[in-house]
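Engineer: the following block contains a protein sequence and its predicted model.
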Amino acid sequence: CVVLHAVAMDLVRVRMSSAALGEVEGHVHAVAEEEVGQVVLHWDVAFAGRATLALDFQYTLTDELRGFYRSTFRDAAGAPQVMGTTQFESVDARRAFPCFDEPAMKATFDVTLEVASGLTALFNTKMLRETPVSGGRVAKVYDTTPRMSTYLVAFIVGELVSVKRQVGGCLLGVWGAPSRAGQLDEALDIVSKVLPAYEALFGIPFPIDKLDLVAIPDFAAGAMENWGLITYRETALLADPAKNTLRERQRVAVVIAHEMAHQWFGNLVTMQWWNDLWLNEGFATFVEYIGTDAARPGYGYLSFFPNYDLSGALSLDSLESTRSLHPPEEDTESASGIDSQFDTIAYNKGGSIIRMIRIYLAQLASQQYIGETSLPVSIDPFMDGVRQYLLMYKYGNARSADLWDVVQTTTGYPVMQWMEGYTEQKGYPVLTLSWSSDGQQLLASQKPFLKNGGGACADKSWWIPASATYSGGVGAAPATTWTELTGCSEQVVLTHVDVSQGGFVKLNHHQSGYYRVNYPADLWGNLQDHVLRGTLSPLDTAGLLDDARALADAGELNVTVSLGLVDAAAQSHPEYQPWSQALGTITQLRRLLGASGDEQCQADLEDWVAGSVAGPVVTVGTAEVAGESHAMRLLRPMLLGAAGAYGNVVATAFADRNFEKLKAGQEGEVPADFRPLTYELAAREAAGYEDVLAMFRAADDPALVRELSNALTSVEDPQLIARTLELALTASVRSQDTVYMIVDVA
């Protein structure tokens with residue numbers, strides 16, 4: 001018998017052929033439960049040696065956004081059109097064709113697509129030839145794929161347009177529905193820069209001679225790294241510099257960089273089984289920052305990792321319900337168990353610990369901090385190990401232990417032992433600092449950090465590459481030292497420390513490590529002073545705000561310390577990363593007070609926040625300034641939106657003026673970066689909600705639809721919330737967006 005996977009299809013005919021027996025008809029002997037889809041094929045004779053299996057099967061395209069499914073869009077005349085497209089990760093190739101649908105069962109694929117003449121048909125590899133067949137159709141034959149897993153196979157049929165560019169030996173194409181023709185060039189420019197950057201970074205040329213990126217109107221995920229044919233949600237690929245916000249364009253660059261990283265780490269070398277999914281997603285999450293920086297160096301994107309990924313990982317990983325990065329294989333034996341691995345732990349925590357070990361290994365080798373260093377990086381031991389790993393396992397499969405083993409061999413350090421605590425254990429540590437009895441040494445001890453408090457080092461501990469940045473006084477250049485901490489006993493992290501002359505001590509330089517830090521009261525006060533003075537980097541200030549909020553939430557730090565840091569950041573020169581964290585602290589406190597029902601406390605908080613944002617709003621202003629940084633351009637709309645939500649007259653008047661222009665069809669007079677906050681502030685009132693809802697129903701551009709959707713989900717009035725939830729379940733919202741609208745309301 002033969003056991004393979006097939007789900008939601010009719011196996012019309014199965015047969016096996018060999019030189020000795022010729023072709024023999026088989027039988028579908030048994031079918032396992034639907035989600036697993038194991039089909040047992042049986043023959044009345046026994047085959048020996050090499051044989052060929054042939055299957056005839058049929059099914060109807062659904063709109064379930066998995067397997068081979070249909071997606072719809074409208075043409076220039078407004079008529080509905082259909083495209084057929086695929087999404088196979090993790091276990092849905094079996095919904096498109098019978099196969100051995102497991103990542104380690106790699107094969108090459110030879111595909112012919114028979115489609116209506118005039119339609120575009122794309123596959124992982126280039127088309128070799130096409131031949132007319134009956135009924136006005138053509139048969140398109142494609143090149144053999146590299147040896148790869150079934151979940152990376154993809155094919156698309158529909159009316160599509162593209163822009164193309166040859167980069168080295170690879171023809172790049174970016175595709176979309178005809179109405180999106182003007183939004184493809186930005187993505188082509190980005191991928192044209194990411195491809196050669198990654199070829200240099202990984203030391204291996206891209207192994208396919210073409211690479212297509214396709215915007216799909218209906219797509220459940222953000223994107224999918226199919227080898228040579230990457231598919232995207234439209235908002236993750238389409239961008240027009242004249243129409244899209246900077247944040248929307250940034251997201252396009254980031255998602256392209258993420259999926260491109262998978263072309264090597266995930267596609268060329270694939271995890272052995274789904275319990276090592278973090279190898280794919282954690283690595284791509286980390287490398288996407290390098291790729292985005294290569295494509296758009298002006299973004300300074302490497303400095304955003306702590307805010308965008310580390311902070312979220314630390315928040316979720318402090319819950320009792322968290323999981324380990326590398327779960328037991330039995331947790332991933334079902335389709336639902338596999339899908340549950342696609343979470344913040346795999347992506348954000350995985351990326352965070354890879355960033356940590358890369359930074360530390362470079363520090364050991366060169367005494368240089370490389371966390372925000374653009375390519376090329378001259379001394380990068382971790383990436384040296386990754387290049388060896390990719391060469392050793394290319395076109396095959398590997399486990400996380402294999403990666404650590406190769407990096408360990410390459411660098412000569414016990415990397416596997418170091419990283420085991422972060423991959424095999426749940427959670428992460430918090431370092432608690434204290435002074436030695438003579439006040440000359442700063443000591444650190446570790447314990448697990450839990451959101452609900454508690455945790456003891458006796459339960460579990462980690463190897464921690466602890467960095468400490470110390471300045472002895474005003475004008476003294478800060479220096480950073482590193483100490484490896486292990487076990488439960490107190491260890492010295494700094495000696496001869498004196499901050500009485502205007503100096504400071506801040507642990508976890510640029511939030512490079514996967515841990516939190518709790519300082520003694522005098523150092524918290526000292527650090528607050530330095531936040532106020534602007535002495536610390538935006539990354540370190542943001543890290544202090546994040547740690548203080550989490551420690552206060554866990555009951556391990558007085559909330560006044562957290563609020564004092566917010567106050568200090570508000571009085572300092574406004575920076576994007578600190579304000580992003582400060583607004584997170586404010587939002588969390590507002591929710592807590594809202595649940596308490598204490599109206600006076602809520603009013604006091606709103607007054608305090610309104611006062612805190614007033615000065616920064618004046619500083620950043622309401623107009624873009626030529627030559628200003630990418631971070632400032634992100635900060636301004638974020639601050640104006642927050643200020644408007646708390647009644648700041650400058651922000652609300654600015655938004656009101658912009659909304660009148662938008663209602664009048666004068667979109668060109670409102671800078672794109674200010675559109676989202678304008679919609680959100682308008683939707684808070686009933687009349688504005690009606691206007692935004694009407695705009696949402698009329699919108700076709702995917703980015704604009706998302707902006708308006710965000711505005712409708714940001715409302716706080718219970719009646720408006722109910723209307724948004726009702727809207728999410730109607731035909732006005734694509735099925736791909738329904739769950740996001742509901743989650744955003746929550």
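Structural biologist: All right, it came through fine.
Engineer: hey, where'd the helices end up in the stretch 51-200 of the chain?
Structural biologist: Secondary structure of the stretch 51-200 of the chain, counting by DSSP state H, counting those that start in this stretch: helices at 185-202.
Engineer: just the stretch 251-400 of the chain next, same as before
Structural biologist: Listed from the start of the chain, the stretch 251-400 of the chain has helices (DSSP H, counting those that start in this stretch) covering 277-295, 305, 311-316, 335-339, 344, 350-366, 381-393, 400-411.
Engineer: what's the closest of those helices to Lys426?
Structural biologist: helix 311-316 (10.9 Å; Cβ to Cβ). From N, CA and C alone the C-beta is placed, and that goes for glycine too.
Engineer: starting at the chain centroid, how far to that closest one?
Structural biologist: In terms of Cα atoms, centre = their mean, to the nearest Å, the centre of helix 311-316 is set 13 Å apart from its chain centre.
Engineer: and it, what does it pack onto?
Structural biologist: Under the contact definition 3 or more Cβ pairs under 8 Å, 6 or more residues apart in numbering; DSSP states H and E, helix 311-316 sits against helix 344, helix 350-366, helix 538-553.
Engineer: quick one: contacts of the shortest one?
Structural biologist: Outside helix 344, the residues that touch it by Cβ atoms under 8 Å, 6 or more residues apart in numbering are Gly312, Ala313, Leu316, Asp317.
Engineer: list the contacts for Tyr588?
Structural biologist: Rather than Tyr, residue 588 is Gln. By Cβ under 8 Å, 6+ apart, Gln588 lies in contact with Arg549, Asp553.
Engineer: surely it forms part of a strand?
Structural biologist: No. Assessed with DSSP: H, G, I helix; E, B strand; the rest coil, Gln588 is helix; it does not lie in a strand.
Engineer: any idea how far Gln581 is from it?
Structural biologist: Applying Cβ to Cβ, to the nearest Å, the value for Gln588 to Gln581 is 11 Å.
Engineer: joint contacts of these two?
Structural biologist: Common neighbours of Gln588 and Gln581 (Cβ under 8 Å, 6+ apart) are Arg549.
Engineer: ok so Thr432 is a helix residue?
Structural biologist: No. Counting by three-state DSSP, Thr432 falls outside a helix, being strand.
Engineer: that one reaches Phe449, doesn't it?
Structural biologist: No. Under the criterion of Cβ atoms under 8 Å, Thr432 is not in contact with Phe449, lying 9.9 Å apart.
Engineer: more neighbours: these two, which one.
Structural biologist: In terms of neighbours (other Cβ atoms under 10 Å), Phe449 is the more surrounded of Thr432 and Phe449; the figures are 25 against 20.
Engineer: what's opposite the nearest residue to that one once chain neighbours are set aside in the beta bridge?
Structural biologist: Spatially, and ignoring its direct neighbours in sequence, Phe449 is nearest to Val430 (3.8 Å; Cβ to Cβ, 6 or more residues apart in numbering). Beta bridges link Val430 to Lys447, Arg516, judged by DSSP bridges.
Engineer: residue closest to the middle of the protein?
Structural biologist: By Cα atoms, centre = their mean, the chain has its centre lying nearest to Thr285, at 5.9 Å.
Engineer: returning to that earlier point: I'd like the helices of the stretch 251-400 of the chain written out as TSV, with distance to His5 and mean pLDDT added.
Structural biologist: Shown next, in TSV, are the helices of the stretch 251-400 of the chain (distance: least, Cβ to Cβ, whole Å; pLDDT from 0 to 100):
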stretch	distance to His5	mean pLDDT
helix 277-295	19	98
helix 305	38	98
helix 311-316	32	98
helix 335-339	11	90
helix 344	29	97
helix 350-366	27	98
helix 381-393	24	98
helix 400-411	25	98
